[in-house]
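# Okay, structure incoming, though there's no sequence with it:
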């Protein structure tokens, strides 16, 4: 009768469970980091979407222009409606872009920087007003992109004829 070789026992159940637990923790940490960036984009999109609706609604019901402003201040994107206090949308590390529509053509993406963008609405219809300083050519903001347009992002499409808007998922 041969004796069993003690050096060739294989893997115990405890060792196997430990390896599975370590792999699970690593996957959890990676998933949390991935979702953290997405949640920032999502909450910034919700804040911008809600603020646009608020500016349009206040302008129409109070017959006073409540501008929607999106600008960069101290490393943060800030959102402001009318003269109310500005709210932090998110850190400027995650970019926000916009497109304009003019004479039947949509521009490419331009990043919101420093002075930012301002959107105004008509008191009577809620339609977006044309951008100031564009002369006789009617130019409007057509889209906002929160995040990287070549990666993970959300868009807000602006309908200038009505002032309504909707969020698109990517």
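Thanks, I have the structure now. All of these numbers come straight from a predicted model, not from anything done at the bench.

# What does the pLDDT read for the residue nearest the centre of the chain?
In the chain, the centroid-proximal residue (C-alpha atoms, centre = their mean) is residue 146; its distance is 3.0 Å. For residue 146, the pLDDT comes out at 88.

# That one touches residue 47, doesn't it?
No. In this structure, residue 146 is not within contact of residue 47 by C-beta atoms under 8 Å, at 9.5 Å. Just so you know, the C-beta spots here come from the backbone N, C-alpha and C atoms, and that holds for glycine as well.

# Contacts only, for the nearest residue to residue 96 once chain neighbours are set aside.
Closest residue to residue 96 apart from its sequence neighbours, by C-beta to C-beta, 6 or more residues apart in numbering: residue 112 at 4.6 Å. For residue 112, the contact set (C-beta atoms under 8 Å, 6 or more residues apart in numbering) comprises 70, 71, 72, 77, 95, 96, 97, 98.

# just the helices in the chain please.
13-62 (DSSP state H).

# Look through the chain and tell me its longest strand.
Criterion DSSP state E: the longest strand present in the chain is strand 139-147.

# Which residues does that strand contact?
By C-beta under 8 Å, 6+ apart, strand 139-147 touches 41, 44-45, 48, 70, 90, 94-102, 106, 109, 117, 119, 128, 130-131, 153-158, 160.

# Among these, which ones are in strands?
70, 90, 96-102, 106, 117, 119, 153-158.
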